[in-house]
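Peer 1: sequence first, predicted coordinates after that:
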2 protein chains.
Amino acid sequence: MKFMIRAARETDCVDIHRMIMELAVYEKMADQVKISHEELQRDGFGLNPFYQCLIAEVPKELKSEEGHTIVGYVLYFYSYSTWKGRSIYMEDLYVMPEFRGKGVGKALLASVAQVCVDQQCVRLQFSVLDWNKPSLGFYLSKGAEDLTVDEGWHVLRFHGTALKMLADEAP
Amino acid sequence: MKFMIRAARETDCVDIHRMIMELAVYEKMADQVKISHEELQRDGFGLNPFYQCLIAEVPKELKSEEGHTIVGYVLYFYSYSTWKGRSIYMEDLYVMPEFRGKGVGKALLASVAQVCVDQQCVRLQFSVLDWNKPSLGFYLSKGAEDLTVDEGWHVLRFHGTALKMLADEAP
């Protein structure tokens, strides 16, 4: 299938937002999405962007049933390991269901890996839900390590009231 | 105990590097540390810093047995949630053993939470090893959620040969 991977533009945020919602529905957590496409524009395309994004685009003749030509995205940001240095964290990788199995996901993932190598980032890190066996299988088959299984790392988070109460204790 | 929390300066990187090593020894992974204080200087204090760092400093009269006055640090970077927006990822939080139990760790954690609130970041995320019960207990008592237990999130990573092979597949 013909498609191209390119850097997202500000005008792509409506499509990115649509796909963020689709991915959250798949992950059974659609009620958790509180972001708007305006926030995505502000946070990704200002002077100090909070994230980077690549999108997969098909020619018009291959558009989706609903008329979309932007059919996948990968959203990532720069992170840092105090053991190894510069890294990239991949927040989302998504391909619309009707375009799966055609190499789009692999091309998006490989493109982020290429950014890693180009920017001297030594790690590409991300999170996967344990019941999402197709994704887990895909990443492990490509050589990813599951650090939760291998080393016992758990993901923790403060947010909402707990975060505010913590901030109130600052000296 | 008298101490202050302040933003790290480039000249603090020798101390930060020393404490990164101490933390890795505690985490039983000292052999994984490949970073130098020069890399910490380059990556944290250039035009587009890869990380931010706060340190805890005691007055000279309270210096450690080996003569150190910088006795703790918290190292973090900005991240992004496609569900909630701006976030902070806390890579390391460390206090030297002889200065523990005196409020230094709590003050460092609270100071990062304060940065979150000031910068309109809605989440403070981090990782903890499952056998590190003192740290897990401390964070959970402060209201942190364990997303690996509650939602099934696993941490995955590509690095080394797997990362390079992936990049070679980029279109």
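Peer 2: Perfect, thanks for sending it. Residues are numbered from 1 along each chain as shown, chains lettered A, B, ... in the order given.
Peer 1: quick one: secondary structure of the spatially most central residue of chain A?
Peer 2: With distances taken as CA atoms, centre = their mean, the residue of chain A nearest its centroid is A:Asp92 (1.7 Å). At A:Asp92, secondary structure determined by DSSP: H, G, I helix; E, B strand; the rest coil is strand.
Peer 1: what's the helix or strand for the nearest residue to it once chain neighbours are set aside?
Peer 2: Nearest residue to A:Asp92, sequence neighbours excluded (CB to CB, 6 or more residues apart in numbering or on different chains): A:Leu75, at 4.6 Å. Backbone N, C-alpha and C define where each C-beta goes, glycine included. Taking DSSP states H and E as the criterion, A:Leu75 maps to strand A:70-81.
Peer 1: tilt between that strand and strand B:70-81?
Peer 2: When axes from the mean of the first three to the mean of the last three CA atoms, to 10 degrees is applied, the directions of strand A:70-81 and strand B:70-81 differ by 180 degrees.
Peer 1: what packs against strand A:70-81?
Peer 2: Judged by 3 or more CB pairs under 8 Å, 6 or more residues apart in numbering or on different chains; DSSP states H and E, the packing partners of strand A:70-81 are helix A:13-26, strand A:52-57, strand A:85-95, helix A:104-118, strand B:70-81, strand B:85-95.
Peer 1: how far is that strand from where the chain is centred?
Peer 2: 4 Å (CA atoms, centre = their mean, to the nearest Å).
Peer 1: buried residues, that strand. List them.
Peer 2: A:70-81 (16 or more other CB atoms under 10 Å in any protein chain shown).
Peer 1: who wins for proximity to A:His154 among the helices and strands packed on strand A:70-81?
Peer 2: Closest to A:His154 of the helices and strands packed on strand A:70-81 is strand B:85-95 (CB to CB; 13.6 Å).
Peer 1: tilt between that closest one and helix B:104-118?
Peer 2: 170 degrees.
Peer 1: not counting sequence-adjacent ones, nearest residue to A:Val115?
Peer 2: Leaving out its chain neighbours, the residue that sits closest to A:Val115 by CB to CB, 6+ apart is A:Ile88, at 6.6 Å.
Peer 1: pLDDT at the residue nearest to the centre of chain A, what is it?
Peer 2: In this model, A:Asp92 is scored at 95, pLDDT.
Peer 1: could you pull up the contacting residues of the spatially closest residue to A:Cys53 that is not a sequence neighbour?
Peer 2: Closest residue to A:Cys53 apart from its sequence neighbours, by CB to CB, 6+ apart: A:Ala8 at 3.8 Å. Neighbouring residues of A:Ala8 by CB atoms under 8 Å, 6 or more residues apart in numbering or on different chains: A:16, A:44, A:53-55, A:73.
Peer 1: tabulate those residues (a markdown table), appending pLDDT.
Peer 2: Converted to a markdown table, those look like this (pLDDT from 0 to 100):
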| residue | pLDDT |
| --- | --- |
| A:Ile16 | 98 |
| A:Gly44 | 96 |
| A:Cys53 | 98 |
| A:Leu54 | 98 |
| A:Ile55 | 98 |
| A:Tyr73 | 98 |
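Peer 1: relative to B:Val117, which of these is nearest.
Peer 2: A:Gly44 (21.9 Å).
Peer 1: you'd agree that closest one is up against A:Cys13?
Peer 2: Yes: the criterion here is CB atoms under 8 Å, and A:Gly44 meets it with A:Cys13 at 7.2 Å.
Peer 1: common neighbours of those two, please.
Peer 2: Counting by CB under 8 Å, 6+ apart, A:Gly44 and A:Cys13 have no shared contacts at all.
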